[in-house]
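*Asks:* got a sequence here, can you build the structure:
(2 chains)
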Amino acid sequence: MIKQLSITDKRKWTKPSILAGLVVLIALLPVIQGSPYILHILILTFIYIIAAVSLRTITISGQFPLAHGAFMGIGAYIAGMASKWLGWPPWLTMPLGGLMAMGIGMLIGYPFARLRALYYAMGSLFFGIGVTYIIYAGGIWTGGYAGLVGIQSMFGSSKVAYYYFFLGLTVVCLLALYRFEFSRIGITLKAIAQSHLVASSVGINEGWYRIMVVGVGCFFAGLAGAGYAHYNTVLSPASFGFMATLWLVMYVLLGGIKSFAGPIIGTTILVLLPEFARDLKVYSPYLSAFLLLIVVFLMPQGLVSLPKLVMLWYSERKKGKKITHVPGN
Amino acid sequence: MFLETKGLTKRFGGLTAVNHFDMYVNKGEIVGLIGPNGAGKTTIFNLITGFIRLTKGQIIFDGKDITRKKPHQVARLGIGRTFQLNPLFADFTVLQNVSASFHLHPRSGLLDIYFNTKKYRRNEAYILEQSLEIMRLVGLDKVKDELAKNLPHGYQKMLGIARALAVKPKLLLLDEPIAGMNPDEIEFTMTGIEKTKQQGTTIVVVEHNMRIMDLCDRVVVINFGQKIAEGRPKEVRENEEVTRAYFGDEHVAGS
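*Replies:* Take a look at the predicted model:
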């Protein structure tokens, strides 16, 4: 799981080229099937992929925040308000949304860095709920219960333009987070997760690293949220409440928290699946919960480990057959 | 004096774990810190390395006051340590354990790491080389690709020492390095400690096993958080108070 420490040696080219091929295929999709509804669903998938992967990045340090939906909300509302009240263009408000989420995340991370495991999750949970209430209480500035309307849109009503923009953004964000995790920074964070005592005994400033990774994770959540603001042009506090956080956690757990690809797969399945079975959409929370239970019991490493498990099962079966065959001979 | 503690005191609620403990260590020495179970030896290590806040007293290392420093700051000044229960980066390989521990020397900035600069690549190459050398020194080079959690106890202990050496310590604090080892492993570890000393590292070692005394230049004995004896290993062994602390009153000759 943890690749070699030095990244200097040349990696094999097969994996990157397969992934590049996949991206090209996804990029060709609007040409084949340009239905605005499908594009809309895929754009949302891209946005949630960024958020889910950034959530998992925080968890490699052994922290499990339960406020990621709220950080998306912070990014979205900061960008939305800057756009509406100050008239700033999207290319400025989006980084601003990310940076503000990062700043607030690190500020909150500072007192939380002393909390561990359950306490950390609880603290961040209450913070997340608090953010929703602040948005509700924001009156005219945040739009309160009615929601924030009048955010500038980026490309008007052209779904195709949005599609390519968010595809590009997702690729860039994933590359950035991948590099982060598989560099020495990620190794150090994984070391802290395994033993913070040992880590600090070899001179790792554990507290700073824990705050730093929260900042990085929140930046990408805020960026995704800001992108959403300029895509949807209308924001409602309910989209960033505790349920939003819970869905992100679901995406990560279902796909596989131990693998970089995990949240990507989890998000894709959980966002797309209800669309293919429209009649069942009302039940999607129940079905997702059921799916999660099955995954947790049968493949604790998430859906990402499915191919490996199938292969293992297949080879076991073959072996089993051979053994039962021998006495018959 | 290289390391000096003055009036070191630690109270946990009503319990005084360490009480006005004075100790000094000269450069290049191996000092043994011995005493019965619960005497406060590990607490002293934790106080020196900043893992526990002290109640009263002062700790001076290499001319600097390190009394209220945090663990990573203490490591930065050149104090490496091992732990009694020996936690590891369990899911890392042996090599990853050691190279991840090279956090300080050489040090790469976050941006250097992220953008894979020339300086960072040079540092990584150096770290790899140094890690292999340390692993050879402690005899872990044959198992470098094993996961740390799959190693036998003796190897895990050595890995703890290897990791502490990655800090390039001027002072090395070893917490029960030979506890639970078989005689061969003890022999091997003691040679390793001797070698480390010859390279100029000052060492303080906490141990139950009296064999460690053979290595020590000086021994400090504590009981109930207080120093009860100090001196050359031979002197200490003959000290009445020490015998009493370890074996009880009836074993003291002539009493």
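
*Asks:* just the pLDDT at the residue in the stretch 151-255 of chain B positioned nearest to chain A, thanks.
*Replies:* Closest to chain A within the stretch 151-255 of chain B is B:V167: 5.4 Å, counting by Cβ to the nearest Cβ. Glycine gets a C-beta too; all of them are placed from N, C-alpha and C. pLDDT recorded at B:V167 is 91.

*Asks:* checking it next. Helix, strand or coil?
*Replies:* Using DSSP: H, G, I helix; E, B strand; the rest coil, the structure places B:V167 in coil.

*Asks:* ok, how many other residues are close to it?
*Replies:* 25 (other Cβ atoms under 10 Å in any protein chain shown).

*Asks:* now swap in B:T82 and tell me
*Replies:* 26.

*Asks:* next, the contact list for it, please.
*Replies:* B:K157, B:G160, B:I161, B:R163, B:A164, B:L173, B:L174, B:D175, B:P177 (Cβ atoms under 8 Å, 6 or more residues apart in numbering or on different chains).

*Asks:* ok, and which of those reach chain A?
*Replies:* Residues of the contacts of B:T82 in contact with chain A (Cβ under 8 Å from any Cβ of the partner chain): B:R163, B:A164.

*Asks:* quick check: residues of chain B near chain A?
*Replies:* B:49, B:51, B:70-72, B:75-76, B:80-81, B:83, B:87-92, B:95-96, B:99-104, B:108, B:110, B:113-114, B:116, B:120-121, B:124-125, B:127-128, B:163-164, B:166-167.

*Asks:* go again using 6 Å as the cut-off
*Replies:* B:71-72, B:75-76, B:81, B:87, B:89-90, B:96, B:99-101, B:103-104, B:113, B:121, B:124, B:167 (Cβ under 6 Å from any Cβ of the partner chain).

*Asks:* quick one, which of the residues you listed are buried?
*Replies:* Those of those that meet the buried threshold are B:71-72, B:75-76, B:81, B:87, B:89, B:96, B:99-101, B:103-104, B:113, B:124, B:167, by 16 or more other Cβ atoms under 10 Å in any protein chain shown.

*Asks:* in the chain, which spans are strands?
*Replies:* The chain I'm using is chain A. A:148-149, A:234-235 (DSSP state E).

*Asks:* correction: the question concerned chain B.
*Replies:* Under DSSP E, chain B gives strands at B:3-12, B:15-25, B:30-34, B:56-61, B:64-65, B:79-81, B:171-175, B:202-206, B:218-223, B:226-231.

*Asks:* hey, which of these is tucked in deepest?
*Replies:* strand B:79-81 (a mean of 28; mean count of other Cβ atoms under 10 Å in any protein chain shown).

*Asks:* show me what that strand packs onto, helices and strands only.
*Replies:* In terms of contacts (3 or more Cβ pairs under 6 Å, 6 or more residues apart in numbering or on different chains; DSSP states H and E), strand B:79-81 is packed against strand B:171-175.

*Asks:* repeat that for 8 Å
*Replies:* helix B:153-165, strand B:171-175 (3 or more Cβ pairs under 8 Å, 6 or more residues apart in numbering or on different chains; DSSP states H and E).

*Asks:* just these: most buried one?
*Replies:* By mean count of other Cβ under 10 Å, the helices and strands packed on strand B:79-81 have strand B:171-175 as the most buried, with a mean of 25.

*Asks:* what parts of the stretch 201-329 of chain A come near chain B?
*Replies:* A:S201, A:V202, A:G203, A:I204, A:N205, A:E206, A:M212.

*Asks:* for chain B, longest helix please?
*Replies:* helix B:118-138 (DSSP state H).

*Asks:* can you list contacts of it?
*Replies:* A:5-6, A:8, A:184, B:94-95, B:98-99, B:102, B:106-108, B:112-113, B:141, B:144, B:158-159, B:161-162, B:165-166, B:192, B:195-196.

*Asks:* now do stretch A:293-313
*Replies:* So stretch A:293-313 is contacted by A:L253, A:L254, A:G255, A:G256, A:I257, A:K258, A:S259, A:A261, A:G262, A:I265, A:G266, A:I269 (Cβ under 8 Å, 6+ apart).
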